[in-house]
Every structure is written in structure tokens, then in C-alpha cells.
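Student: Model the structure of this input:
(chains A and B)
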Amino acid sequence: EPEVTQTPSHQVTQMGQEVILRCVPISNHLYFYWYRQILGQKVEFLVSFYNNEISEKSEIFDDQFSVERPDGSNFTLKIRSTKLEDSAMYFCASSEGSGRYEITDTQYFGPGTRLTVL
Amino acid sequence: AQKITQTQPGMFVQEKEAVTLDCTYDTSDQSYGLFWYKQPSSGEMIFLIYQGSYDEQNATEGRYSLNFQKARKSANLVISASQLGDSAMYFCAMREGPWGGKLIFGQGTELSVKP
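Tutor: Next comes the predicted model:
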């Protein structure tokens, strides 16, 4: 069964360093997303990406964040200068997307990357 | 105002019994989707069940069913015949619009299944 994959599973970095989190969405999906979950809290939306551009972003997704689809399979989230408060689990998700109302457009999540900023 | 409200931070259920996890939502959109995800202690987010705003019947997926009451804006998850492996965090989420939109999550309910 197709699944979303993410690497690395755990990333430890020093405050102020740049990190790149990588994701491979499900191959026939058109929408890609990043979410984060601070330990013990709910899952928060960061950004969605469709047709090679950002379709929506949250207030959290400031100038320190960027996303890219560098090739036909990978989808990356870059944090330019990490802060302590960026420590969280980062989830990538993808969905099929369609013009048909009857499909669910379920978002399938990857296993997450746990980012620890020291 | 909260878009998704899960009022039960923690729930206990005896193995083999049924349990209902509550979720209420708030939206002015006519087209939206409601989802439940399971997050075990290992951390991954597992999709369980979906209910569309236009669906007239309650969704079912194996032991999971969704009690959808549109007028009350509630989408409760019912797990029948609980198993020890059901112990996890459960999140209710909503997508406003027909497709491609972000998911808005509730705070989650931690379910513990007792043997």
C-alpha cells in the first residue's frame, strides 16, 4: 500500500542552524502539506502546496520557513534559523485532490520527523 | 472560537466494550469533511474514518463508526469491541471546503483500554 515517507526520523540541531526535513508523498497525490505537533499539544497546520506553489499557509509559517518540491518525488520543509520553540514533531501529508465532490480527499500522514533544537 | 472541540482529555474503557469519543465542530461552510485520526505512542497519525458534509448516512469502517449529527455539529467516533491496541490518542479534524484544504485538529482524547 502506498505511504508517505519522511526522513530523518529524528533531527537534533543547534539553535540558529538551518534544517531541511524531507518527505516523499504518495505518488499520484496532488496536494502536499506540512503540520507540526509540539509535545503534548494538538496538530497545527503549517502550509499546503499544490501545482508547485504554496496554496495556503498559517501564521506560524513565517519567513524562516520555506517549502520546495525539488524533483518529481520529494517535498521539503526548510527552517532557515531554528529557534528553541521550533522543537516539535513535523508531519508531512499528502492527498489526492480532485474536482469531484464525492471523494474524501483524505490526507495521509508520514511517520513524522522529531526535531529537537538545543 | 474553537473550530474543533474535543471535551474529553482522557477516557477509559474496558476491553471488548464500546466507547464514544466526542467531537463538535464549528463552520459556516456548506461543504466540509470530518476525519478521525489515531496517534499511538509511537507517534504516527493513522487515518481511521471520514464523514462528508453531504453524506446522509453515518460512515463506518470496521469497528469504527462516526455518529454524524449535522444540526448539532457533532461527529462522534464510536469504537465497538475495544481492544488493548486501541489505546492511543484520538484526534478529530475538519477540512473546510471540498478538497485540498488544511485540516483543523481538536485537542485530542487519550483513550486507555483496560484488560
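Student: ok, the most centrally placed residue in chain A to chain B distance?
Tutor: Nearest to the mean C-alpha position of chain A, counting by CA atoms, centre = their mean, stands A:W34 at 2.5 Å. A:W34 is 10 Å from chain B, where distance means CB to the nearest CB, to the nearest Å. Backbone N, C-alpha and C define where each C-beta goes, glycine included.
Student: Make sure I have this right: that residue is in a helix.
Tutor: No: read with DSSP: H, G, I helix; E, B strand; the rest coil, A:W34 is strand and lies in no helix.
Student: Just give me the neighbour total for the closest residue to it other than its chain neighbours.
Tutor: Closest residue to A:W34 apart from its sequence neighbours, by CB to CB, 6 or more residues apart in numbering or on different chains: A:L46 at 4.3 Å. By other CB atoms under 10 Å in any protein chain shown, the residues close to A:L46 number 22.
Student: Would you check that A:L46 makes contact with A:F65?
Tutor: Yes: if you go by CB atoms under 8 Å, A:L46 and A:F65 touch, sitting 6.9 Å apart.
Student: Return every residue with contacts to both of those two.
Tutor: Common neighbours of A:L46 and A:F65 are listed as A:L77 (criterion: CB atoms under 8 Å, 6 or more residues apart in numbering or on different chains).
Student: near chain B, which residues of chain A show up?
Tutor: A:30-31, A:33, A:35, A:41-45, A:48, A:50, A:55-56, A:58, A:89, A:91, A:93, A:95-99, A:101-112, A:114 (CB under 8 Å from any CB of the partner chain).
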